[in-house]
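Undergrad: below: sequence and its predicted model.
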Amino acid sequence: MSLATFLQHCLTGISLGGAYALIAIGYTMVYGILRLINFAHGDLFMIAGYLMIFTLADFPWYIAIPIVLIGTVVIGIVIERLAYKPLRSAPRMSIMISAIGVSLLLQNLATYLFTALPRGYPEIPYLKRIFQFGTLSASFVTFLTPILTMVLVFLMVMMINKTKIGMAMRAVSKDYETAEIMGIKINSVVSFTFAIGSLLAAIGSILYFTDRMSVNPFSGSLPGLKCFVAAVLGGIGSIPGAMIGGFILGIGETFLVALGFSTFSDAFTFILLIVMLLVKPTGLFGEKATEKV
């Protein structure tokens with residue numbers, strides 16, 4: 001493999017990893033606050049893909065993108081209010097079953113409304129423009145994805161560490177009951193968390209589907225699982241960890257395909273998960289939990 005080919009694959013892998021990272025952050029934020037693995041998160045990412053297909057058919061891209069971002073956030077908040085909020089005090093298993101139910105509902109609803117056939121993802125101007133740097137050539141979205149991911153992660157970390165809502169989120173993640181007693185509005189914090197996670201899923205959806213060019217009702221299932229693995233790799237609850245986990249998966253998957261092992265590219269994700277759980281169950285940046293008595 002020549003140096004130019006190696007760099008080309010690195011660029012592709014980092015771009016894919018950036019899209020994975022944005023979705024993984026949604027998993028890690030919701031888990032950090034509610035200790036809930038939101039299995040419907042990948043399907044929300046798929047719904048954002050369909051929203052873009054239909055919105056871009058009627059509006060120019062600079063209007064369609066904000067509509068998709070806002071629409072996905074609204075859907076995420078509605079899911080939280082209808083499926084998770086009533087179970088706030090229920091056993092964790094009940095909420096997890098509800099999350100699986102929402103995931104299946106979104107998949108079947110998309111199949112009923114849009115059929116199971118793949119639909120072509122519209123081409124957004126500028127994102128598919130090809131740039132040439134010496135022997136390297138890639139579309140603008142390939143360069144944009146990792147940069148945008150790192151900027152968003154930096155803003156997220158600053159928000160959580162420096163703002164009032166970030167302080168409330170940290171308080172709720174540490175001790176749910178005590179935060180409520182201290183006057184923190186739990187419902188507002190949880191809704192805000194779902195809104196941020198949904199927004200990042202929508203951005204990740206635009207970046208991911210722009211390169212893959214088609215959406216079907218099950219487009220979110222495997223990427224959703226991979227992004228959950230990315231969150232676990234980095235240490236679920238850690239935003240920078242989710243980003244690193246996403247990049248590791250994206251680069252690893254890309255190089256396996258480049259070396260002719262595309263059959264094992266999906267298996268690689270889950271083998272990596274098993275190894276990480278055996279070696280370091282809390283992930284790369286996860287904190288060891290202490291049980292209270």
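TA: That came through, no problem.
Undergrad: what residues does Ala40 make contact with?
TA: Residues in contact with Ala40 (CB atoms under 8 Å, 6 or more residues apart in numbering) are Ile79, Ala83, Ala99, Val102, Ser103, Leu106. All C-beta spots, glycine's among them, are computed from the backbone N, C-alpha and C.
Undergrad: which one of those has the most neighbours?
TA: Tallying neighbours with other CB atoms under 10 Å puts Ile79 at the head of the contacts of Ala40, with 24 neighbours.
Undergrad: how about the contacts made by that one?
TA: Residues near Ile79 by CB under 8 Å, 6+ apart: Ala40, Leu44, Val102, Phe194.
Undergrad: how far away is it from Arg92?
TA: Separation of Ile79 from Arg92 (CB to CB, to the nearest Å): 18 Å.
Undergrad: Gln8: which of the contacts of Ile79 is nearest?
TA: The closest of the contacts of Ile79 to Gln8 turns out to be Leu44 (CB to CB; 31.6 Å).
Undergrad: and the gap between that closest one and Ala195?
TA: Distance, Leu44 to Ala195, by CB to CB: 12 Å.
Undergrad: likewise for Phe39?
TA: According to CB to CB, Phe39 stands 19 Å off from Ala195.
Undergrad: which one's more surrounded, those two?
TA: Phe39 (21 against 16).
Undergrad: before we move on, back to that, reformat the contacts of Ala40 as TSV; add pLDDT.
TA: Shown next, in TSV, are those (pLDDT from 0 to 100):
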residue	pLDDT
Ile79	92
Ala83	89
Ala99	90
Val102	93
Ser103	92
Leu106	94
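Undergrad: now, which of the residues you listed sits nearest Pro240?
TA: Of all these, Pro240 sits closest to Ala99, with 24.7 Å by CB to CB.
Undergrad: Ala201 versus Ala57, what's the distance?
TA: Taking CB to CB, one finds Ala57 at 21 Å from Ala201.
Undergrad: more crowded one of these two?
TA: Counted by other CB under 10 Å, Ala57 and Ala201 do not tie: Ala201 has more neighbours, with 33 against 9.
Undergrad: of all the residues in the host helix or strand of the more buried one, which ones are buried?
TA: Per DSSP states H and E, Ala201 falls inside helix 186-212. Of all the residues in helix 186-212, those buried under the rule 16 or more other CB atoms under 10 Å are 186, 189-211.
Undergrad: packing partners for it?
TA: Contacts defined by 3 or more CB pairs under 8 Å, 6 or more residues apart in numbering; DSSP states H and E place helix 186-212 against helix 3-34, helix 41-56, helix 61-79, helix 140-162, helix 164-174, helix 176-181.
Undergrad: what's the first helix or strand after it?
TA: Going down the chain from helix 186-212, the next helix or strand is strand 214-215, by DSSP H and E.
Undergrad: state the next helix or strand along the chain beyond that following strand.
TA: Using DSSP H and E, the helix or strand that directly follows strand 214-215 along the chain is helix 221-234.
Undergrad: now the angle between helix 41-56 and that next one, please.
TA: On the basis of axes from the mean of the first three to the mean of the last three CA atoms, to 10 degrees, helix 221-234 is oriented at 130 degrees to helix 41-56.
Undergrad: what sits up against helix 221-234?
TA: Outside helix 221-234, the residues that touch it by CB under 8 Å, 6+ apart are 20-21, 23-28, 31, 37, 39, 41-43, 45-46, 103, 107, 208, 240-246, 248-249, 266, 269-270, 272-273, 276-277, 283-286.
Undergrad: what of stretch 43-56?
TA: Applying CB under 8 Å, 6+ apart, the contact partners of stretch 43-56 are 23, 64-65, 67-68, 71-72, 75-76, 79, 102-103, 106-107, 110, 114, 119-122, 124, 198, 201-202, 204-206, 208-209, 215, 217-221, 223-224.
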